[in-house]
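Engineer: with the input below, show me the fold.
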Amino acid sequence: MISDDDSHLRKLERGLYTGDGTVAPPRHVLHAKKFDAPDEWGTPVQNSSFISMSNKPKTPSSFFKKMFIGSLGVLVIAMVIFGVSLLTGGNTISSKNVQVTITAKTFVDGGEDLPVDVTIVNKNKTSLELATLTLQYPEGNAQNSNAIGTISHDIGTMAAGETRNESFDIKLYGQENTVENLTAHMQFDVTGSNAVYTTDQQFAVTIRTSPVLLTLNAPASVTPNQEIPLAFSVVGNGTATLSNTALVAQYPSGFTFTHADPAPTFQTNVWYLGDLPPGTNRTITVYGKFSGAVNSSQAISASVGAQNANNQALLDTVYNNVAQVIPLSKSFLATQLQINGKPDTQVAVNGTSPVQVTLLYQNTLATSITNAEIHVNLSGSAYDPLSVQPLGGYFNSATNEIDWTSQQSPGLASIAPGVSDQLSFSLTPKQLDGTSVLNPAINISVDVVGYGAGGVKQSVSGVAQKTIVVNSDLNLLSSTLHYSGGIANTGPMPAKPNKETTYTLVWQITNSRNRVSGVTVTTTLPTNVAWKNIILPSSQSANVTYNAVTRTLQWNVGDVAAANGGSPSVESVSIQVGITPSTTQSGSVADLTGPITVAGQDMFTNQNLTITHRQNTTQLLNDSSTVGADGMIQ
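Structural biologist: Here you go, the predicted structure:
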């Protein structure tokens, strides 16, 4: 038996219940010894060293040893597999194992034949199937600067380790010293796989010279609405004659073409040049105006190339192109026109009303402007020279120009930087009734001249421009009938209180110089006036409506044409109403309608026209009988 005092379990038990809760077994030096262990519990072996060893707590070192051994085994297996893969090369298919090499000249002249050789090496251990090689290169298309041309070769099957050489012939076009990229695109399949493999290789080529030199000579900046020249120079720069050449200009939306030398061969922006031998120089000068806000910019460009056989405005191949951004700047003497106080580019006025024009000007330079001149040019179908009042300026009726110089306006002798002032004049549109003039307008254009620093003369034509458009004369002629007309009326004449008498309202719409759309005639009926729903001509029945709740009567006239040959356009309708006068109306003329409003939109001036006409009454006008014609209620 093992005594309690010497038992290792007892020592552990005592340590477990001590105050500090620690168990500190004595350290022992391990020695290799052989023990005889019993098969079952019983009489202990008489060897105190064995007992001491067996009673120590077990440690987890055996578990970590197993983990270490297992990991080492996995590492060894992986290294074996990797080594075998290195020795055998494996059967892995990769696009990286397909080597594509492009061989070509790195510098080429535009339009020159460029041979391109592409070498393909299959470094995979497996054959490539359905292989295709495509060479991609800039096409030089005028409609799409990024257009890509392609040439494809069917490679078919490439065995493992096989090398192929493919040759291509292309031409590149573009501006001098531009760099273009060629791309060799390889695509292939492998047996037993649904995947499609691709690989690309690029090659840079510099276009040394262009077969055509194209330049643009344009002002560094322009004033809005100032006509300027744009000179395009085309020079044959190749070694051979280029045939079927053409120049196509691209204008911005703010550019107005006026003329060109030589004239365009198609529309306003295409010039057919035909054959262009080496050294030949062709110059095309375009004249036009830029519009837009000051400090904004407009871009003008052009391309020269081979003209499309089916469309004159298209180029199949672009040899060269040019572009320039032109900023819009203020004039040295900025001016602004105001028509009746409005700065709008187009202002609508009525035909017989005087028009007040104010001209504001300001020196935009950092130095004074001396001996300035301002000239206002007048023109247009509604312009009447006899109505011009220059108000301080000199009106030259021979040139239709109002001039202001330092003689008429001393302030123009010297205008300091930033100084502004104004001038004014008035005019009235021409009386056009009975004429065949349609869409009448007055055009105003301002030219300025002055001398800046060092006495340098500066001038700008058309620095400010305005258009005065004249509204159409839309009018209503109204009358009342009882005896005549196509509608039969009843009741006592003169009209008597408490008895109904019917009348015919006759409305005529007249129009002069501009087409007017959406014309309506609207009024209301008094309480004692009844709507009879009789309308002539019958074709107008659908256009006349009456609202019994609001008592609103409306004639939807629609579009009214402009005067034809000086005769006003006329639309008419006749409408029957009945009135039962009150005793309070005896001895007076009774109203059959309220005030009449005519409305429509002038399609030339884009203005809404509205006129108000007096009401229809019981007073007759131009009727076949005079009985009761004065309209007095008995």
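Engineer: in three-state terms, label the most centrally placed residue in the chain for me.
Structural biologist: Per C-alpha atoms, centre = their mean, the C-alpha nearest to the average position across the chain is that of Ser253, at 10.3 Å. Using DSSP: H, G, I helix; E, B strand; the rest coil, the structure places Ser253 in coil.
Engineer: quick one: it from Gly292, how far?
Structural biologist: Using C-beta to C-beta, to the nearest Å, Ser253 is found at 9 Å from Gly292. No exception for glycine: its C-beta is placed from N, CA and C like everyone else's.
Engineer: neighbours of Leu247, just the number please.
Structural biologist: Leu247 has 23 neighbours, counted by other C-beta atoms under 10 Å.
Engineer: surely it is in contact with Val235?
Structural biologist: No. Leu247 is not in contact with Val235 according to C-beta atoms under 8 Å; the separation is 11.9 Å.
Engineer: what touches both of the two?
Structural biologist: 214, 282 (C-beta atoms under 8 Å, 6 or more residues apart in numbering).
Engineer: stretch 403-422: how far from the chain's middle?
Structural biologist: 41 Å (C-alpha atoms, centre = their mean, to the nearest Å).
Engineer: what lies in contact with it?
Structural biologist: With C-beta under 8 Å, 6+ apart, stretch 403-422 has contacts from 333, 358-363, 365-376, 392-396, 423, 450.
Engineer: weed out the non-buried ones from those residues.
Structural biologist: The neighbour-count criterion (16 or more other C-beta atoms under 10 Å) marks 333, 358-363, 365, 368-369, 372-376, 393, 395, 423, 450 among the contacts of stretch 403-422 as buried.
Engineer: low pLDDT regions in the stretch 51-200 of the chain?
Structural biologist: 51-68, 70, 73-74, 76, 78-92, 140-145 (pLDDT under 70).
Engineer: and if we set it to 80?
Structural biologist: For the stretch 51-200 of the chain, the stretches with pLDDT under 80 are 51-92, 109-112, 139-147, 173-178, 192.
Engineer: which residues in it form helices?
Structural biologist: 61-88 (DSSP state H, counting those that start in this stretch).
Engineer: can you check the chain too?
Structural biologist: 8-16, 48-54, 61-88 (DSSP state H).
Engineer: follow-up on the earlier one: quick check: neighbours shared by Ser253 and Gly292?
Structural biologist: Contacts common to Ser253 and Gly292, judged by C-beta under 8 Å, 6+ apart, are absent.
Engineer: any idea how far Asp384 is from Met632?
Structural biologist: In this view, Asp384 and Met632 are 46 Å apart by C-beta to C-beta.
Engineer: also Ser484?
Structural biologist: Ser484 is 20 Å from Met632, by C-beta to C-beta.
Engineer: again, but for Ser539
Structural biologist: Ser539 sits 35 Å away from Met632, taking C-beta to C-beta as the criterion.
Engineer: same question for Val570.
Structural biologist: 31 Å.
Engineer: before we move on, what about Thr435?
Structural biologist: Distance of Thr435 to Met632, computed by C-beta to C-beta: 42 Å.
Engineer: repeat for Tyr451
Structural biologist: 77 Å.
Engineer: what is the neighbour count of the spatially closest residue to Ser574 that is not a sequence neighbour?
Structural biologist: Spatially, and ignoring its direct neighbours in sequence, Ser574 is nearest to Leu536 (4.4 Å; C-beta to C-beta, 6 or more residues apart in numbering). Leu536 has 17 neighbours, counted by other C-beta under 10 Å.
Engineer: OK, contacts around Leu536?
Structural biologist: Shown in contact with Leu536 (C-beta under 8 Å, 6+ apart): 485-487, 573-574.
Engineer: which of Val570 and Met632 has more neighbours?
Structural biologist: More neighbours surround Met632 than the other of Val570 and Met632, with 16 against 13 (other C-beta under 10 Å).
Engineer: need the pLDDT of the more buried one.
Structural biologist: pLDDT, Met632: 97.
Engineer: pretty sure it is touching Thr617, no?
Structural biologist: No. Using C-beta under 8 Å as the test, Met632 is too far from Thr617 to be in contact (10.4 Å).
Engineer: okay, and the common contacts of these two?
Structural biologist: Contacts common to Met632 and Thr617, judged by C-beta under 8 Å, 6+ apart, are Val589.
Engineer: where exactly do the strands run in the stretch 351-500 of the chain?
Structural biologist: Under the criterion DSSP state E, counting those that start in this stretch, strands of the stretch 351-500 of the chain are mapped to 355-363, 369-379, 394-396, 401-404, 414-415, 420-427, 441-451, 457-470, 475-481.
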